[in-house]
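A.B. asks: Here is the input, now give the coordinates:
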Amino acid sequence: MTERGEVERLEALWRDDFGDEYVERNRAAAEHRDEFWTWLHGAHPFQNVLEVGCNLGGNLHWLAQLVDPAQVYGVDINAQALREVRKTLPDVNVLRSPARSLPFRDAMFDLTFTTTVLIHQPQDSLPIVMNEVVRTSRRYVLCGEYHADELVEVPYRGQTGALFKRDWGALYQSLFPELELLDRRFEALKPDNTGWDDVTFWLFEKR
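C.D. replies: Predicted structure coming up:
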């Protein structure tokens with residue numbers, strides 16, 4: 001399959017039934033994340049925020065309690081997820097868009113972030129997606145993904161090329177030397193795990 005074909009295959013995967021099933025499996029995923037977002041906003045204040053790959057809006061729910069909901073944005077490729085966000089969080093802004101082509105101007109947000117989204121990107125479009133995250137951020141970039149010292153593909157529900165672990169922080173700094181690492185957090189190692197599964201966070205500031 002061509003590079004373009006692989007990108008289109010995986011985008012269609014998340015857009016259609018496979019993505020709908022993911023939505024159903026993750027309905028309660030963000031229930032205990034308030035502590036994390038309260039910490040982040042207190043330590044590194046921001047007034048507007050974009051989540052790339054917002055799914056059902058679990059993170060947006062907590063963020064809308066910390067900043068003006070009208071300044072909270074999310075994008076996703078799955079229409080079912082976005083319909084439900086619009087019902088449950090009518091005051092936040094959500095749009096349907098692929099991560100590799102975000103419909104926002106440069107430096108529009110104080111914070112742009114992903115949580116377990118880069119792990120599902122095809123390798124050919126990954127630098128484009130990461131560039132869009134950095135491009136839309138005015139100050140902070142947050143990356144919450146599954147870590148491994150070396151790139152490794154993980155079998156994922158019968159699909160190939162659909163989940164990768166790697167050192168995301170090192171990759172960000174290699175591709176975007178203007179990013180300064182502010183913090184790294186291993187949420188999975190905390191006793192209560194705060195609803196984050198096996199996620200490692202890297203927080204960067206644009207110099």
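
A.B. asks: how about residue 96, what does it touch?
C.D. replies: 75, 76, 77, 79, 82 (CB atoms under 8 Å, 6 or more residues apart in numbering). To be clear about C-beta, it is placed using only N, CA and C from the backbone, and glycine gets the same treatment.

A.B. asks: so which strand or helix has the first one?
C.D. replies: For residue 75, the host element (DSSP states H and E) is strand 72-76.

A.B. asks: How about residues contacting the helix or strand that comes right after that strand?
C.D. replies: Next helix or strand after strand 72-76 toward the C-terminus (DSSP H and E): helix 79-88. Contact with helix 79-88 is made by 15, 19-20, 23, 54-57, 60-61, 74, 76, 92, 94-96, as judged by CB under 8 Å, 6+ apart.

A.B. asks: Now render the contacts of residue 96 as JSON lines, adding pLDDT and neighbour count.
C.D. replies: Output for these, formatted as JSON lines (pLDDT from 0 to 100; neighbours: other CB atoms under 10 Å):
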{"residue": "75", "pLDDT": "98", "neighbour count": "23"}
{"residue": "76", "pLDDT": "96", "neighbour count": "27"}
{"residue": "77", "pLDDT": "94", "neighbour count": "19"}
{"residue": "79", "pLDDT": "94", "neighbour count": "13"}
{"residue": "82", "pLDDT": "96", "neighbour count": "22"}
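
A.B. asks: Pick out the most distant pair among those residues.
C.D. replies: Largest separation among the contacts of residue 96 by CB to CB: 75 and 79, giving 12.1 Å.

A.B. asks: Buried residues, the helix with the most length in the chain. List them.
C.D. replies: Longest helix of the chain, by residue count under DSSP state H: helix 3-15. With burial defined by 16 or more other CB atoms under 10 Å, the residues of helix 3-15 counted as buried are 6, 7, 10, 11, 13, 14, 15.

A.B. asks: Tell me which residues are up against the helix or strand just after it.
C.D. replies: Per DSSP H and E, helix 3-15 leads on to helix 17-25 as the next helix or strand towards the C-terminus. Contact with helix 17-25 is made by 13, 14, 55, 56, 77, 78, 80, 81, 84, 157, 159, as judged by CB under 8 Å, 6+ apart.

A.B. asks: what sits up against the helix or strand encompassing residue 133?
C.D. replies: Assigned by DSSP H and E, residue 133 falls within helix 126-136. The contact list for helix 126-136 (CB under 8 Å, 6+ apart) reads 50, 52, 99-102, 104-109, 112-114, 118, 121, 141, 143, 171-172, 175-176, 179, 206.

A.B. asks: and if we set it to 7 Å?
C.D. replies: 50, 52, 99-100, 102, 104, 106, 108-109, 112, 114, 118, 121, 141, 172, 175-176 (CB atoms under 7 Å, 6 or more residues apart in numbering).

A.B. asks: now that helix: how far from the chain's centre is it?
C.D. replies: Distance of helix 126-136 from its chain centroid, counting by CA atoms, centre = their mean, to the nearest Å, is 11 Å.
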